[in-house]
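*Asks:* here is my input, please return the structure:
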Amino acid sequence: MDATETAGAVVVVGHPLVQHKLTLMRDRDTSTIGFRRIAREISLLMAYEVTRDLPLVLVEIETPLERMAAPQISGKKLCFVSILRAGNGILDGMLDLVPAARVGHVGLYRDPQTLAPVEYYLKLPDDLAERLVVVVDPMLATGNSAAAAVARLKQAGAAQIRFVCLLAAPEGLARFHAAHPDVTVFTASVDRCLNDHGYICPGLGDAGDRLYGTK
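*Replies:* Coordinates of the predicted model:
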């Protein structure tokens, strides 16, 4: 199959390395250090996919042999926005690929009773309107936190937004795209469903707990 499968506003990254690493992350026996390392590796691969169509412009450079017109990313570069805390687990791998990117953070937690997002932190670059903003969070479960984070980014001026996660639930995708039909979601898998506690099944557990050993 193709490395990337597209359906509407959802891009499922089917690259064999992405799928292999996702399987390792799903395994309950994967250690904290292993989970964290693989999250960094898979996020680099996801960043490659989400940046595949960045616009290029030709610039004049000198190679050791001659002058040439060579391609370079056009205009302002990227801004990665991590939804705390689990988003930081895949932020590092993306910065490995695009170290010049600006970084923002949105602090949200899910109320255990209502599953509604509660904001507790927001720090963003000033020039969001001039950048492609890539929002990162390992899980798109209920979709409430992701939708709230993107709404705050739009309020801050962001006009070009993409959302990257490792796993998505159909319910979360429906909720997210009802609020933001203009934002494409990149994911490694759309899983079966949410359980009664709002966790993705079959999923990989709580990404934050597995990243930081807090379960």
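
*Asks:* low-confidence ranges in the chain?
*Replies:* Low-confidence segments of the chain, defined by pLDDT under 70: 1-8, 76, 115, 215.

*Asks:* show me what the spatially most central residue of it bridges to in the sheet.
*Replies:* Closest residue to the average C-alpha location of the chain: Val164 at 2.4 Å, with Cα atoms, centre = their mean. Partner residues in beta bridges with Val164, using DSSP bridges, are Val136, Phe186.

*Asks:* residues making contact with the longest helix belonging to the chain?
*Replies:* Looking across the chain with DSSP state H, the single longest helix is helix 32-50. Contacts to helix 32-50, defined as Cβ atoms under 8 Å, 6 or more residues apart in numbering, come from residues 3-4, 11, 13, 15, 17-18, 21-22, 24-25, 30, 89-94, 96-98, 134, 136, 138, 162, 164, 166, 186, 188, 207, 210-213. C-betas here are computed from N, CA, C, even on glycine.

*Asks:* isn't Val13 right up against Thr187?
*Replies:* Yes: counting by Cβ atoms under 8 Å, Thr187 is a contact partner of Val13 at 7.1 Å.

*Asks:* all helices of the protein, in order?
*Replies:* 16-26, 32-50, 88-97, 144-155, 170-179, 207-212.

*Asks:* off-centre distance for the longest helix of the chain?
*Replies:* Relative to the centre of its chain, helix 32-50 is centred 10 Å away, using Cα atoms, centre = their mean, to the nearest Å.

*Asks:* flag every buried residue along it.
*Replies:* Using 16 or more other Cβ atoms under 10 Å as the test for burial, helix 32-50 gives 35-36, 38-50.

*Asks:* now swap in stretch 122-138 and tell me
*Replies:* In stretch 122-138, counting by 16+ other Cβ under 10 Å, buried: 122, 124-125, 128, 131-138.

*Asks:* measure that stretch end to end?
*Replies:* Stretch 122-138 has an end-to-end distance of 19 Å (Cα to Cα, to the nearest Å).

*Asks:* same question, stretch 165-173
*Replies:* One end of stretch 165-173 to the other measures 11 Å (Cα to Cα).

*Asks:* check stretch 141-160 too.
*Replies:* Terminal residues of stretch 141-160 lie 23 Å apart, using Cα to Cα.

*Asks:* how about stretch 72-80?
*Replies:* End-to-end distance for stretch 72-80: 19 Å, by Cα to Cα.

*Asks:* what does that stretch contact?
*Replies:* Identification of contacts with stretch 72-80 by Cβ under 8 Å, 6+ apart yields 51, 54-59, 91, 94-95, 98, 100-104, 124-125, 127-128, 130-136, 158.

*Asks:* now, which of the residues you listed lie within strands?
*Replies:* 56-59, 102-104, 132-136 (DSSP state E).
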